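>>> Mind folding the following:
(chains A, B, C and D)
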Number of protein chains: 2
Amino acid sequence: MTTMVAVKTRKKKVATTVALPLDRILMDDCIEAMRSLPAKSIDCIFADPPYNLQLGGDLLRPDGSQVDAVDDDWDKFDSFAAYDKFTRDWLAEARRILKPDGTIWVIGSYHNIYRVGSIVQDQGFWILNDIVWRKSNPMPNFKGTRFTNAHETMIWASMGEKARYTFNYRQMKTLNDELQMRSDWEFPICGGPERLRKDGTKVHPTQKPEALLYRVLLASTKPGDVVLDPFFGTGTTGAVAKRLGRHFIGIERDATYVEAATARIEAALPLDESAIRAMRAPSKPPRVAFGVLVENGLLPPGSVVVDSKRRFRATVLADGSLLSDCGAAGSIHKLGSTLQNAPSCNGWTFWHTEGSKGLVAVDALRQQWLLATQP
Amino acid sequence: MTTMVAVKTRKKKVATTVALPLDRILMDDCIEAMRSLPAKSIDCIFADPPYNLQLGGDLLRPDGSQVDAVDDDWDKFDSFAAYDKFTRDWLAEARRILKPDGTIWVIGSYHNIYRVGSIVQDQGFWILNDIVWRKSNPMPNFKGTRFTNAHETMIWASMGEKARYTFNYRQMKTLNDELQMRSDWEFPICGGPERLRKDGTKVHPTQKPEALLYRVLLASTKPGDVVLDPFFGTGTTGAVAKRLGRHFIGIERDATYVEAATARIEAALPLDESAIRAMRAPSKPPRVAFGVLVENGLLPPGSVVVDSKRRFRATVLADGSLLSDCGAAGSIHKLGSTLQNAPSCNGWTFWHTEGSKGLVAVDALRQQWLLATQP
DNA sequence: GGATCTACTGAATCTTTGA
DNA sequence: GTCAAAGATTCAGTAGATC
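The predicted structure is shown next:
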C-alpha cells in the first residue's frame, strides 16, 4: 500500500503530497531504491551495512575473484577505497532523503565502523553518541589469539551540529529504572525462537535482536514516524517499527530475505490498545505555567512558598510571580536564581508549600494539575 | 640513562646497537621525538592523542556549578582535515619505529576515534580488537539531551594482517576468573588518591586510570619489552610499565606534565600480588532494569500485572513504566508505593504476572533473565 | 568513633520557545 | 535571522565537616 504523506518541499515552504511506500519492502539495490524516494521525507534511518571487508565478497569484487595476497598494500588500499566509495554513495542518498531534524543509526564492527564513522562526519552529520552493544553471549575466540570480540558499535548522528533531533530522554530514563540511559547497552545475540530459520539453518547470518531495535526506535523516533532501513535483511527494523506504532520502509535486494521479512512482519503484532494509547501521549508532559496553578486556586495569591531548607520565603502574587521578603520579585525561576545568586534555577523544584506532611514542592501541585486535566 | 639495546636493521638482518632512551621522558613534540628513535625498535605503543572535542560554550550542572571543560590549546584543531593530517603524521612515525611484531594501542572517543581508526587501517596496521572502556562512574548528561557518554574506545592493532604479535591469553583469562577476557572492560575513571593534584586542582585534565594501562600492558607486552607513549601526559603508562617490569619511553611537550610524571614514576613501586588483584575491575552484582524485561519480551508492553492479593492492577507500557487502572503511572517501585500510600515499595516483589500455576512475582522473571544471560 | 550530611568533581561536541 | 525569558536538568564517588 502506498500512502500519501505531507512532505515539505525545500524552496518554498509549501506542503505537497509525495508518494512514500510506507510499511513496504522495496526489493532493489539500496542506492537505487533510495533515489526513488523524495528528499527530506524520512524521520530516521537504521542501517546495518555489510562489512565483509576481508572476504572479498561481491561488494569489493563484482567478478567474484579472490583478493590477492593480503600483504599487497595496493590491494588493501583498493579494498578500502571500494568500501569507502560504497559507503559514501549510500550515505549521501540517506542524507538526501532524511528530514532536517531526522537522525541516522549505523551499526558495525571494528572491520568497517571506522570507515563509516569518518565518512558520516565528512558528510556533515553530527555524531550524537556512539553506542556499544555488549553481547551477553558472544561467540568465544576459539583460538585464544585475541580478546573475545564481545560488542558491536552503533553511531547515532543528526543532520548537523545545529540540527534538532528527537531524543525521548524521559522514556529512556524510565526504561533504565530512573537512571539516565548510558551509551553501553547489554543484550543477548539473536537466537532461540526469535532467530529465523529455514530447514534448521539460519536465514540471515547477522540477524539483529529485536530488543536492540526496540531501544533504538523508542529513543529516537515518535509514534507515526517513518523509519527507513536500507539493508533490511530479514526485517528486524520493520517488525519492531510495527510493534511500536512507527512506519517502516525496507530496502533489500535478496528475494529470500524479502520473503522471510514479509512473513515475519505480517505475523508481528502491534502493541495492544492501552500500551499504544499511552505511547501516543507526548513523551514530554505539556508545559504548565505557574500562573495557571494560581488562577485555578491550587496556590492562590497570598500563599507563602519557601525553599526546602526554609532559608528563603516568598509570597505568591496574582500574576503568578513571587515577591520575596527582602523585596526581590520575579518568576519562580528568576527569583530562585536571584536569591541563590545562581545563574539559573528550576523554580518548580526549588519552591515548596506547607502540606499536611511537611513541605511539598510546587512541582507536585503541577503533577496534580496535570493528572486532573489530562485525558 | 641511555641504554644500549640490540635492534635489527632493516636492509640486512644484522643486529646493531642503537641508543634507546629507556625509562626516560623526552620533552619534545611527539613527531620530532619519534624521528630521533631508530626504526623497528619499539615493542608496543600506547597513544592517548588529543580527542578534538570541539566543545561549545560553558556547561552548567543542574545545581548551577560549572563543568571544568577540556579547553587546553593542545586539543584545538581547525578542521577534521587538520586533525587527520596530524594523525597521519604521528601514526606514520609510530609505524616506522615499531618492530614488525609490535602492536599499537590508541584510545579515543567518538569525536576522534573514527578518524584515527580509518587512518590506522589506511597505513597498513591490522586491527586486532577494539576495546571498550566502560566507565563505572561517567559524568552524566546534565541537560538530558543524549545518552550518557559512558565509554571510551581503544583500538589495538598489529603491523599487518600476517604480522605476529604478543597476546598473553592465559594471563588475561586468569585475570578474568577463568573466562576469556572480553572486548569490554569496566573501570572507574581516575580519581581519589591516584589522581595527581597540585594545590587541590588536577594536574592533567584527562589522566587515565592505571588499571586500564595495567591490563593493556599485561595483555600485549612481555617483561623487558619497550613501551612508547607519544602523548605521555602525567605518565600513567610509565608508572604502570615500571610496576610491571617493562621499559618505557615517554614523549611529552609540556614541562608541567613532565615534572609531575617524573616524580610519580620515581615513586612507583613494583606490584605485589594484592595490588594486582586490586587492578581487577570490582565485581558488582548485575543490575537489571525492569525495562530490560520489557524490551526483551519477557513482559511485553500491554501485559497486565497485579499485586499478590489482586487489589491493584496495572498495564506495562513500552518504556517500562506501569499505568494503573486509576490513571496513576510510574516505575514499578514508584507506582507500588503510590497505590499503597507507602513511602517506598519493592516493585520486584510487589507486582505479579499470571503464570500457568498462578501468580508469579516479576522478580522471578528477573531471575530467569539473569540465569539466561549471565555466564 | 562511627554514622550521616554536605560539597565537590569527572575527555561533555548538553535547551526551547516566542517575540 | 536575533534576543530575552521560560523551563528543565545529574551519577558515582571522594573528602571533609558535623552529629
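>>> What are the neighbouring residues in contact with the residue of the stretch 1-150 of chain A found nearest DNA strand D?
Residue of the stretch 1-150 of chain A nearest DNA strand D, by CB to the nearest atom of the strand: residue A:100 (11.1 Å). Using the backbone N, CA and C atoms, a C-beta is placed for each residue, glycine as well. Listed by CB atoms under 8 Å, 6 or more residues apart in numbering or on different chains, the contact partners of residue A:100 are A:40, A:159, A:163, A:164.
>>> I'd like the mean pLDDT over stretch A:125-142, please.
Throughout stretch A:125-142, pLDDT has a mean value of 96.
>>> Could you tell me the end-to-end distance of it?
38 Å (CA to CA, to the nearest Å).
>>> What residues of that stretch count as buried?
A:125-135, A:138, A:141 (16 or more other CB atoms under 10 Å in any protein chain shown).
>>> which pair in the residues you listed spans the largest distance?
A:126 and A:141 (35.1 Å; CB to CB).
>>> where along chain A do the helices fall?
A:30-35, A:73-97, A:113-122, A:169-175, A:210-220, A:236-243, A:255-267, A:273-280, A:290-295, A:332-340, A:347-350, A:362-373 (DSSP state H).
>>> From the centroid of chain A, which residue is nearest?
residue A:220 (2.0 Å; CA atoms, centre = their mean).
>>> my guess is that one meets residue A:168, correct?
Yes. With contacts counted by CB atoms under 8 Å, residue A:220 reaches residue A:168, the gap being 7.4 Å.
>>> what number of residues lie near the spatially closest residue to residue A:368 that is not a sequence neighbour?
Nearest residue to residue A:368, sequence neighbours excluded (CB to CB, 6 or more residues apart in numbering or on different chains): residue A:298, at 7.0 Å. Residue A:298 is flanked by 16 other residues according to other CB atoms under 10 Å in any protein chain shown.
>>> Could you do residue A:84 as well?
Residue A:84 has 18 nearby residues by other CB under 10 Å.
>>> The one 4 residues further on now?
When neighbours are defined as other CB under 10 Å, residue A:88 has 14 of them.
>>> May I have the residues that are in contact with it?
By CB under 8 Å, 6+ apart, the neighbours of residue A:88 are A:119, A:122, A:123.
>>> and with 10 Å instead?
Residues near residue A:88 by CB atoms under 10 Å, 6 or more residues apart in numbering or on different chains: A:115, A:119, A:122, A:123.
>>> mind checking how far the nearest residue to residue A:131 once chain neighbours are set aside is from residue A:132?
Closest residue in space to residue A:131, ignoring its immediate chain neighbours: residue A:154 at 4.3 Å, by CB to CB, 6+ apart. Using CB to CB, to the nearest Å, residue A:154 is found at 8 Å from residue A:132.
>>> Touching, residue A:183 and residue B:140? I think so.
No. Using CB atoms under 10 Å, residue A:183 is not in contact with residue B:140, being 11.8 Å away.
>>> thinking again about what came up before, now do the residue nearest to the centre of chain A, the pLDDT please.
pLDDT, read off for residue A:220, is 97.
>>> dump the residue contacts of it.
A:43-44, A:46, A:102-105, A:128-129, A:156, A:158, A:165-168, A:172, A:227.
>>> quick one: which of those sit in strands?
A:43, A:44, A:46, A:102, A:103, A:104, A:105, A:128, A:129, A:156, A:158, A:227 (DSSP state E).
>>> Next one: the nearest residue to residue A:24 once chain neighbours are set aside relative to chain B, how far apart?
Using CB to CB, 6+ apart and skipping the chain neighbours, the partner closest in space to residue A:24 is residue A:249 (6.6 Å). Here the distance between residue A:249 and chain B works out to 22 Å (CB to the nearest CB, to the nearest Å).
>>> cool, residue A:93 as well?
20 Å.
>>> Please name the residues that touch that residue.
A:30, A:31, A:32, A:33, A:34, A:35, A:37, A:45, A:230.
>>> please redo it, this time with the cut-off set to 6 Å
Residues counted as contacts of residue A:93 (CB atoms under 6 Å, 6 or more residues apart in numbering or on different chains) are A:31, A:34.
>>> now swap in the one 10 residues further on and tell me
Residue A:103 makes contact with A:44, A:158, A:165, A:220, according to CB under 6 Å, 6+ apart.
>>> right, and residue A:230 touches residue A:30 too?
Yes. The pair residue A:230 and residue A:30 qualifies as a contact (CB atoms under 6 Å) at a distance of 4.0 Å.
>>> Now the common contact residues for those two.
residue A:251.
>>> picking that back up, adding distance to DNA strand C and neighbour count, write the contacts of residue A:88 out as TSV.
Converted to TSV, those look like this (distance: CB to the nearest atom of the strand, whole Å; neighbours: other CB atoms under 10 Å in any protein chain shown):
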residue	distance to DNA strand C	neighbour count
A:115	16	24
A:119	13	23
A:122	12	16
A:123	12	16
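>>> out of those, which touch chain B?
Among these, the ones lying near chain B by CB under 6 Å from any CB of the partner chain are residue A:115.
>>> Out of the contacts of residue A:88, the closest to chain B would be?
residue A:115 (5.7 Å; CB to the nearest CB).
>>> Within range of DNA strand D, give me the residues from chain A.
Residues of chain A lying close to DNA strand D (CB under 7 Å from any atom of the strand) are A:169-170, A:173, A:178-180, A:285, A:287, A:289-290, A:330-334, A:344-346, A:348-349.
>>> From residue A:47, how far out is the closest residue to DNA strand D within the stretch 201-350 of chain A?
Using CB to the nearest atom of the strand, residue A:346 is the residue of the stretch 201-350 of chain A that sits closest to DNA strand D, at 2.4 Å. Separation of residue A:346 from residue A:47 (CB to CB) stands at 38 Å.
>>> before we move on, the earlier item: can you flag the buried ones in the contacts of residue A:100?
A:40, A:159, A:163.
>>> Surely residue A:104 is in contact with residue A:157?
Yes. Because the distance of 5.4 Å satisfies CB under 6 Å, residue A:104 is recorded as touching residue A:157.
>>> who has more neighbours, those two?
residue A:157 (27 against 23).
>>> ok, that one - contacts?
Counting by CB under 6 Å, 6+ apart, residue A:157 has contacts A:104, A:120, A:125, A:126, A:127, A:128.
>>> try residue A:108
So residue A:108 contacts A:51, A:116 (CB under 6 Å, 6+ apart).
>>> Can you tell me the closest non-neighbouring residue to residue A:316?
That would be residue A:303: by CB to CB, 6+ apart, it lies 4.4 Å from residue A:316.
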